[in-house]
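Student: Sequence first, then the predicted structure:
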Amino acid sequence: MKKRPKEEQEIVDLQQPSGRCIIVEDKNTGLLEKLYWNEENFLADRFHRKIKSETQWFENVIKHAPTVGSFYENLIRNTLREFAPTNNKVGTGFVYDSSRDKHGKQIDVLVYDDSDRSVVYRCDEFVVINPGSTISAIEVKKTLNATNLKDVVRSTFYNNLGWNGRKYKEINTINIFAFSLSCKKDTIVNALKDILEDCVLSLTVESDGAQGKIPITYCSIPDIYFLDEDFYIQTQIIEKGDEFGLEIHTIPSPGTGSVGAFLSNVIQENREKMANNEKSYLYRNIRPCPERCEVEGSMLLIDIVSFSQIVGAFPDSREELLSLSLDEMKPLSVFIPKGLDIKSYASAKEFFEKSGATVEFFNKEGPVIVPCSEVKI
């Protein structure tokens, strides 16, 4: 190939993204994509330096333990305000689920968007927000250990903290930010595995000698980030047939990689305003393969849809669905596996036979739940 003149090459170089070009292949489709490895995380570096200098100064002056704990929470809130887009409001308080008239524990740091929906309550930085307003929920620990990790997971696992971009709607994240870690990596991973297994096992019930599982529509699973460790931990939902399990990923992150991953997951940026290959300077698009640890047990995660939505999804079967009954009981709602696309089924008959969903029939004495596969239409 003929070599370009120097001036022409300089123009070409100006059009190319900086960084080392890497070609990756999608393991599912075989398609190739060009990515650029970015070693610069200067926003994460600046966040790290600011947090580090503030904590070192403060603890040399103040020794009062309750004040120290509040300081760490305030420091994260105030520093996030400096880095987050203006529609990312930062406070502390509760996420209130009005559909169930419930709220969980007070969250140390709430990042939320109130640009298109009012908060339930606000007084200075204390807020009560709706789940749909949540961008991220963060618990702050000066020193993380196995005991206080289990306390955080146990107290938030069954709460609706607001969906924030995970694959399955209403599968929430509780982000844990630790200034230091008082045990080894394996110890904290095993502690996380133990408490998650306890939470999953608690959904198993026994009646008349037979075991079953309580179906749930939402839960909050933990991700853990550190100020000075060279790794971070994320919890992933995995499919297990018609049920779902949990898998712990420990991701290597040298330098300020853990801080960058934290910022990129708790701050919401408008991706439509970012050009292809534009750097965020928070984190790297390419990350090392994680160490995986599967949590024993499985859960029944479901979405509840009204029966009228089922009728609307299958107009060709409208008459059969409208006339559906069981011992003179009418269908009320349908429990479908979390993330299932109703419209992926060609007909109502196929949906009832293959979806693994269940139908709730109305009865004055209490609901009657029947597998869809046992209902004939």
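Tutor: Ah, there it is.
Student: C-alpha only now, for contacts and for neighbours.
Tutor: Fine.
Student: Low-confidence bits of the chain, can you list those?
Tutor: 1-20, 35-40, 63-65, 164-165, 274-286 (pLDDT under 70).
Student: Recalculate using a threshold of 50.
Tutor: Within the chain, not a single segment meets pLDDT under 50.
Student: the domain parsing of the chain - what is it?
Tutor: 42-294, 302-374 (automatic domain parsing).
Student: can you give me the strands for the stretch 1-150 of the chain?
Tutor: Ranges of strands in the stretch 1-150 of the chain, per DSSP state E, counting those that start in this stretch, are 20-25, 32-37, 89-97, 102-103, 107-112, 121-123, 126-129, 134-144.
Student: Can I get the fifth one in PDB, CA atoms only?
Tutor: Included here for strand 107-112 are C-alpha records, laid out as PDB according to Å, rounded to 0.1, in the frame of the first residue of the first chain:
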ATOM      1  CA  ILE A 107     -30.700   5.400  52.200                       C
ATOM      2  CA  ASP A 108     -27.500   7.300  52.800                       C
ATOM      3  CA  VAL A 109     -27.300   8.700  49.300                       C
ATOM      4  CA  LEU A 110     -30.100   9.000  46.800                       C
ATOM      5  CA  VAL A 111     -29.400  10.200  43.200                       C
ATOM      6  CA  TYR A 112     -32.700  11.000  41.600                       C
END
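Student: and that strand, what does it pack onto?
Tutor: helix 65-83, strand 89-97, strand 134-144 (3 or more C-alpha pairs under 8 Å, 6 or more residues apart in numbering; DSSP states H and E).
Student: Now do it against strand 134-144, angle only.
Tutor: In terms of direction (axes from the mean of the first three to the mean of the last three C-alpha atoms, to 10 degrees), strand 107-112 departs from strand 134-144 by 150 degrees.
Student: Strand 107-112 pairs with which strands, parallel or anti?
Tutor: strand 89-97 (antiparallel), strand 134-144 (antiparallel) (DSSP bridges).
Student: Distance from the chain centre to that strand, please.
Tutor: When distances are taken as C-alpha atoms, centre = their mean, to the nearest Å, strand 107-112 is centred 14 Å away from the chain's centroid.
Student: Also the shortest one?
Tutor: Taking the mean C-alpha point of strand 102-103 and that of its whole chain, the gap between them comes to 19 Å (C-alpha atoms, centre = their mean).
Student: go on, the first one?
Tutor: Offset of strand 20-25 from its chain centre (C-alpha atoms, centre = their mean): 27 Å.
Student: isn't N130 right up against R100?
Tutor: No - if you go by C-alpha atoms under 8 Å, N130 and R100 don't touch, sitting 11.6 Å apart.
Student: and those two? which has more neighbours close in?
Tutor: Between N130 and R100, N130 has the larger neighbour count (other C-alpha atoms under 10 Å), namely 24 against 8.
Student: which residues in the chain form helices?
Tutor: 6-15, 42-61, 65-83, 146-156, 185-201, 257-266, 307-313, 318-322, 348-354 (DSSP state H).
Student: which one of the ones you listed is the most hemmed in?
Tutor: Highest mean neighbour count of those: helix 257-266, a mean of 23 (counted as mean count of other C-alpha atoms under 10 Å).
Student: got the contact list for that helix?
Tutor: If you take C-alpha atoms under 8 Å, 6 or more residues apart in numbering as the criterion, helix 257-266 is touched by 41, 43-45, 47-48, 111, 135-137, 175, 177, 225-232, 282-283.
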